[in-house]
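Engineer: Model the structure of this input:
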Amino acid sequence: MASLLEAKVIRSMCFTASHRPSPAEAQQLIADVLPAFERQQVKLCLETYEQISSADLMALIDLFPSPWLAVCLDPANCVAGLELPQQVIANTAARVGNLHIKDFAFSRRDGWVGF
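Structural biologist: Predicted coordinates for the structure are as follows:
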């Protein structure tokens, strides 16, 4: 699909709505597909988000020294996981291959306790 679209980066995540692989299973899934990404010279970038801490994401990514596996950095997503954007940036900076940037702000909803 990347070849047909002439894509050089594919953004993905560790979990889906119906599948939450264990760390060992996630490692195996990456090991299974990474050679194809390397052959096609397409970077697979796993996005930072609240479902997995940036430290755990980096522990997974760092198992693979390949330059074709990287981070899609979205520091706003991790706030819902109680990580500060600066912390996420610092944790992932060495392996960032793509940025997902958006404006975001914290606000209190009327009648709600949280933000």
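Engineer: Tell me which residue is most central in the chain.
Structural biologist: residue 47 (1.8 Å; Cα atoms, centre = their mean).
Engineer: Next one: that residue from residue 112, what distance?
Structural biologist: 27 Å (Cβ to Cβ, to the nearest Å). C-beta here means a position set from N, CA and C on the backbone, and glycine is covered the same way.
Engineer: do residue 5 as well
Structural biologist: Residue 5 is 41 Å from residue 112, by Cβ to Cβ.
Engineer: do residue 68 as well
Structural biologist: Residue 68 is 43 Å from residue 112, by Cβ to Cβ.
Engineer: next one: residue 52
Structural biologist: 26 Å.
Engineer: Which of the two has more residues huddled nearby?
Structural biologist: residue 52 (22 against 8; other Cβ atoms under 10 Å).
Engineer: list the contacts for that one?
Structural biologist: By Cβ atoms under 8 Å, 6 or more residues apart in numbering, the contact set of residue 52 is 14-15, 81.
Engineer: try 10 Å this time
Structural biologist: By Cβ atoms under 10 Å, 6 or more residues apart in numbering, the contact list for residue 52 reads 13-15, 20, 23, 26, 46, 58-60, 78, 81.
Engineer: Also residue 87?
Structural biologist: 53-55, 75, 78.
Engineer: again with residue 85
Structural biologist: Counted by Cβ under 10 Å, 6+ apart, residue 85 has contacts 48, 73-79, 104.
Engineer: cool, residue 75 as well?
Structural biologist: Per Cβ under 10 Å, 6+ apart, neighbours of residue 75: 48, 54, 83-92, 99-102, 104.
Engineer: Report the buried members of those residues.
Structural biologist: Buried by 16 or more other Cβ atoms under 10 Å: 48, 54, 83, 85, 88, 91-92, out of the contacts of residue 75.
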